[in-house]
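*Asks:* no FASTA, just this:
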């Protein structure tokens, strides 16, 4: 009888424990989607969000793109800023649209220059220095792979003597995604093409969700998506909390309990009507730290480095075929620079390896930016991540790039 009672107490205790952890985890998930649960493995896609995405961003080949003749507004360093896209699909360059173009730029959001107005981008500042229309075809959240694919698709109608592809160090990770959601939890519309290596040669895996109708039945393609997404098993599944919650939450105790602690504290502060400005960034700070750790790890991963290297070689091969000078720019985020300053340049060895590629010109902004006394002035957000370059930052970037281009004797 005593043994039966003990078993009953254990079962009741386990049920209570599981219920408590279930409530805590699901509540935190609603407040902070980066604490993922089983439901996030196959999330429902917002119908209204998809309608907006199809209208402004969807691209069957690239995943997404800035569509011609569209505008948007977002928060910058000093308030609201606005960007506009011209009929060619490039960012408007006020005062230079009618001038001859010497350089076209492809890449990610740091090339697009988010969080500043059209007349505050580094391409606009470089246009003023060179008196030429430096065209901006950057797209937010692109990897080097998507930037290259856009260049290959569109360059014949947008020829320039020089082509820049500028990306952040995190591009090494973006090259490995088939669905952004498996690394950037909640980025559920972010299906994309990617390159893999087959017999030491690049092979393009096309965008798996390349029709609008496929979004509503994306689950039919999950086997293929998961097969080619590097992070599904290596990150997503390992961070996903599922039944039994009271056990699985301990798979990543440092990550999970830190996030839950700050989410609960923020909610308590809100109910007590306390100021949360000093702590509201704390949960995302944990995610940004983990993302940085992943970048560092990938620059020590031969598979990731080899794919990135071969994509850059394909950029150079394209430059020979299309007769332009290829220029690669590494554009570190603020947290990259903070880490490099206190530790070491974790992507320097990779940059050095690229110098053996003939015809490729390389600009790594890291050393020049590290010489700046106040990094905060060069970035838009007042936190460790920093957001994107501020207006002042873009002026500095344009000066550095112009100086490097003169050193290369390409201008």
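*Replies:* Looks like it came in fine. Note that this is a predicted model, so its numbers are computed, not measured.
*Asks:* in the stretch 151-300 of the chain, mark out all the helices, start to finish.
*Replies:* Secondary structure of the stretch 151-300 of the chain (DSSP state H, counting those that start in this stretch): helices at 171-174, 212-215, 222-228, 231, 237-239, 245-248, 253-271, 282-298.
*Asks:* okay, these, which one's buried deepest?
*Replies:* helix 171-174 (a mean of 24; mean count of other Cβ atoms under 10 Å). Where you see a C-beta, it was placed from the backbone N, CA and C, and this is true even at glycine.
*Asks:* ok, and what's touching it?
*Replies:* 108, 141-146, 183, 231, 291, 294-295, 298-299, 304-305, 308, 347, 350 (Cβ atoms under 8 Å, 6 or more residues apart in numbering).
*Asks:* what sits against residue 338?
*Replies:* 375, 384.
*Asks:* the strand or helix carrying it: how far from the chain's middle?
*Replies:* For residue 338, the element it lies in under DSSP states H and E is helix 334-342. Here helix 334-342 is found 17 Å from its chain centre; the criterion is Cα atoms, centre = their mean, to the nearest Å.
*Asks:* got the buried residues for whichever helix or strand comes after it?
*Replies:* Later in the chain than helix 334-342, the nearest helix or strand by DSSP H and E is helix 348-354. Using 16 or more other Cβ atoms under 10 Å as the test for burial, helix 348-354 gives 350-351, 354.
*Asks:* one step back: what's the closest of the helices of the stretch 151-300 of the chain to residue 59?
*Replies:* helix 212-215 (11.1 Å; Cβ to Cβ).
*Asks:* picking that back up, lowest mean pLDDT across the helices of the stretch 151-300 of the chain, which one is that?
*Replies:* Out of these, helix 245-248 stands lowest, with a mean of 91 (criterion: mean pLDDT).
*Asks:* any idea which of the buried residues of helix 348-354 is the one closest to residue 175?
*Replies:* Looking across the buried residues of helix 348-354 and measuring by Cβ to Cβ, the closest to residue 175 is residue 350, at 12.4 Å.
*Asks:* gap between that closest one and residue 151?
*Replies:* 21 Å (Cβ to Cβ, to the nearest Å).
*Asks:* could you do residue 188 as well?
*Replies:* Taking Cβ to Cβ as the measure, residue 188 and residue 151 are separated by 27 Å.
*Asks:* buried residues in the one helix or strand residue 148 maps to, which are they?
*Replies:* Using DSSP H and E, residue 148 sits in helix 144-154. Of all the residues in helix 144-154, those buried under the rule 16+ other Cβ under 10 Å are 144-151, 154.
*Asks:* who's in contact with it?
*Replies:* Helix 144-154 has contacts (Cβ under 8 Å, 6+ apart) with 61-63, 65, 89, 106-108, 111, 137-139, 142, 163, 165, 167, 171, 174-175, 192-195, 204, 308, 311-312, 314-315, 318.
*Asks:* which members of these are positioned in strands?
*Replies:* Within the contacts of helix 144-154, residues falling in strands by DSSP state E are 63, 106-107, 137-138, 163, 165, 167, 194-195, 204.
*Asks:* same list (these) but as a markdown table, adding distance to residue 37, neighbour count and pLDDT.
*Replies:* Converted to a markdown table, these look like this (distance: Cβ to Cβ, whole Å; neighbours: other Cβ atoms under 10 Å; pLDDT from 0 to 100):
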| residue | distance to residue 37 | neighbour count | pLDDT |
| --- | --- | --- | --- |
| 63 | 26 | 28 | 98 |
| 106 | 37 | 30 | 98 |
| 107 | 34 | 28 | 98 |
| 137 | 38 | 28 | 98 |
| 138 | 34 | 27 | 98 |
| 163 | 44 | 24 | 98 |
| 165 | 37 | 26 | 98 |
| 167 | 32 | 27 | 98 |
| 194 | 26 | 26 | 98 |
| 195 | 32 | 23 | 98 |
| 204 | 34 | 12 | 98 |
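*Asks:* now, which of those sits nearest residue 213?
*Replies:* residue 63 (16.0 Å).
*Asks:* tell me the contacts of the closest one?
*Replies:* Residue 63 neighbours (Cβ under 8 Å, 6+ apart): 146, 190-193, 207.
*Asks:* what helices or strands is whichever helix or strand residue 20 is part of leaning on?
*Replies:* Here residue 20 is covered by helix 2-31, with elements defined by DSSP H and E. Using 3 or more Cβ pairs under 8 Å, 6 or more residues apart in numbering; DSSP states H and E as the contact test, the elements touching helix 2-31 are helix 245-248, helix 253-271.
*Asks:* buried residues in that helix?
*Replies:* Buried, per 16+ other Cβ under 10 Å, within helix 2-31: 21-22, 24-25, 28-29.
*Asks:* farthest pair in these?
*Replies:* Spanning the widest gap among the buried residues of helix 2-31 are 21 and 29, at 12.1 Å by Cβ to Cβ.
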